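Student: sequence and predicted model, in that order:
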Amino acid sequence: MTNTTFADLGVAEPLQRALQAENYHTPTPIQARAIPLLLDGKDLLGIAQTGTGKTAAFALPILQQLADRPDRVGRGGARALILAPTRELAIQIGEAIKVYGRHYHLRHTVIVGGIGQQPQVRAMSRGVDILVATPGRLLDLINQGHVRLKAASILVLDEADRMLDMGFIRDVRKIVAALPRERQSLLFSATMPADVARLAAEILRDPVRIEISPKTVTVDKVEQHVYFVDAARKRALLIDLLRDPALARVIVFTRTKHGANRVSEQVDKAGISTEALHGNKSQGARQRALARFRAGQARVLVATDIAARGIDVDGITHVINFELPNEPESYVHRIGRTARAGAAGIALSFCDSSERSHLRGIERLTKRPMTVAGDKRAQDLAPSADRAAPRNGQPQRKRFRNGRSRRAA
Ligand code: AMP
């Protein structure tokens with residue numbers, strides 16, 4: 001958080017009122033840096049992940065600029081386009097725009113795949129001020145002549161790395177080509193691999209670069225523990241941990257869709273309300289699962305990385321890594337679900353002997369060794385080759401903190 005206020009950043013009064021109602025008292029670092037220069041019309045390259053407050057960082061200046069320059073849009077037209085890789089993220093951005101823009105009279109709509117296109121075509125028929133979309137369906141509607149982007153003067157590519165990961169590069173290029181050259185462009189990405197850097201160079205003009213490293217935004221605020229446990233004992237450990245009501249709103253990450261289903265079934269059988277979220281589920285089923293989790297009807301959401309990416313649920317008390325991801329960045333994304341925008345959170349990681357190298361990679365990236373959970377129950381539940389035999393009656397905790405014994409197992 002920063003010492004400035006939204007008013008200091010030049011945010012207009014109707015937006016300030018909406019932010020107050022949302023209990024946003026101070027801008028996050030990315031908001032403090034991005035908002036003034038976006039209001040000034042600059043292009044932006046934002047290296048930041050979900051959880052930093054980046055949605056408001058781009059949505060507020062877009063709303064304000066469009067409200068300041070009232071303009072008519074033609075049939076199928078949009079004045080600003082926000083592209084997001086997943087339906088969930090697009091819908092979430094649409095909701096944020098509705099909340100922040102509630103005192104303005106701007107029209108917005110969300111276009112995503114997996115649902116009927118007719119309502120979307122209807123919504124576009126009068127044109128909108130802000131269009132939020134995933135690339136595939138948007139391109140379909142452009143090709144059918146239902147959407148025209150010739151009047152779009154602002155473009156945002158959110159989670160560009162994910163977008164390219166999901167194979168959207170060609171669609172993105174075609175969509176960008178449908179926009180006028182004279183425009184303000186913003187690109188956000190959690191990571192900056194070469195293909196994203198190339199895309200940024202193509203799309204942005206003399207951009208200001210703002211980097212909010214995940215290290216400072218989330219990792220430092222999250223209490224991180226690791227349990228050394230056999231793969232076969234993970235389920236029992238999870239269910240045992242979930243018996244503690246302090247784990248009030250929990251996301252459990254698995255590596256595969258199949259794993260997410262299996263774990264959620266097992267947790268459910270233990271009498272703990274749970275939902276699974278992964279790419280094999282229909283759009284409707286995913287929305288229902290999320291809604292139940294958001295409403296607190298399900299205490300536990302079991303998800304894969306891709307399905308959970310960009311999902312914004314407040315008040316996550318714990319993130320549990322049932323399996324460690326092999327990409328350290330994914331770990332940072334996962335634990336960023338707890339401790340959002342300043343709150344503290346807890347991440348618990350289960351590490352079996354095959355995952356030791358993943359753990360080392362993660363600790364190298366975060367530059368913070370995880371605390372080895374010395375919890376009695378975990379020790380009881382993890383009696384295996386993963387645990388060095390007690391020596392001289394030393395407490396487990398101490399031995400596990402010793403890097404040597406970790407690697408030796
Ligand atoms: P984002 O990174 O845009 O997904 O935002 C992460 C979360 O932080 C969302 O739940 C936002 O509602 C919340 N948020 C964003 N900006 C602020 C702020 N300035 N103060 C408090 N919460 C915020």
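Tutor: Arrived safely, thanks for sending.

Student: could you chop the protein up by domain?
Tutor: Domain segmentation of the chain under automatic domain parsing yields 13-212, 215-407.

Student: now those as CSV including mean pLDDT, mean neighbour count and distance to the ligand?
Tutor: Bear in mind the C-beta positions are built from the backbone N, C-alpha and C, glycine included. As requested, the domains of the chain are exported to CSV (pLDDT from 0 to 100; neighbours: other Cβ atoms under 10 Å; distance: least, Cβ to the nearest ligand atom, whole Å):
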stretch, mean pLDDT, mean neighbour count, distance to the ligand
domain 13-212, 95, 19, 3
domain 215-407, 78, 18, 3
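
Student: distance to Thr5 added to those domains, as JSON lines?
Tutor: Putting the domains of the chain into JSON lines (distance: least, Cβ to Cβ, whole Å) gives the following:
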{"stretch": "domain 13-212", "distance to Thr5": "7"}
{"stretch": "domain 215-407", "distance to Thr5": "15"}
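
Student: out of these, which gets nearest to Thr4?
Tutor: Of all the domains of the chain, domain 13-212 sits nearest to Thr4, with 5.3 Å by Cβ to Cβ.

Student: how long is the closest one end to end?
Tutor: Distance across domain 13-212, first residue to last, is 27 Å (Cα to Cα, to the nearest Å).

Student: so what's Ile210 up against?
Tutor: By Cβ atoms under 8 Å, 6 or more residues apart in numbering, the contact list for Ile210 reads Ile30, Arg33, Ala34, Leu44, Leu45, Gly46, Ile47, Ala48.

Student: mind checking which helix or strand the nearest residue to the fourth one once chain neighbours are set aside is in?
Tutor: For Leu44, the nearest residue in space outside its immediate sequence neighbours is Leu186; the separation is 4.5 Å by Cβ to Cβ, 6 or more residues apart in numbering. The secondary structure element spanning Leu186 is strand 184-189 (assigned by DSSP states H and E).

Student: now do the strands in this protein.
Tutor: All strands of the chain, identified by DSSP state E, fall at 44-47, 78-83, 108-111, 128-133, 154-157, 184-189, 208-211, 222-228, 250-253, 274-277, 300-303, 318-321, 345-351, 371-372.

Student: what pairs with the fifth one, and is each one parallel or antiparallel?
Tutor: When you say that, I think you mean strand 154-157. Here strand 154-157 is paired, per DSSP bridges, with strand 78-83 (parallel), strand 184-189 (parallel).

Student: pull the CA atoms of that strand into PDB?
Tutor: Extracted C-alpha coordinates of strand 154-157, given in PDB (Å, rounded to 0.1, in the frame of the first residue of the first chain):
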ATOM      1  CA  ILE A 154      -7.900   1.900 -25.900                       C
ATOM      2  CA  LEU A 155      -6.600  -1.600 -25.900                       C
ATOM      3  CA  VAL A 156      -5.700  -3.800 -22.900                       C
ATOM      4  CA  LEU A 157      -4.100  -7.200 -23.100                       C
END
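
Student: roughly how far is that strand from the heart of the chain?
Tutor: Distance of strand 154-157 from the chain centroid (Cα atoms, centre = their mean, to the nearest Å) equals 18 Å.

Student: what's in contact with it?
Tutor: 58, 62, 65-66, 79-83, 163, 172, 176, 179, 183-188, 199, 203.

Student: got the contact list for Leu301?
Tutor: By Cβ under 8 Å, 6+ apart, the contact set of Leu301 is Val250, Ile251, Val252, Thr274, Glu275, Ala276, Leu277, Ala289, Leu290, Phe293, Ala308, Val313.

Student: also Gly279?
Tutor: Lys257, Thr304, Ile306, Ala307.

Student: which ones among these map onto helices?
Tutor: Mapping the contacts of Gly279 onto helices (DSSP state H) picks out Lys257, Ile306, Ala307.
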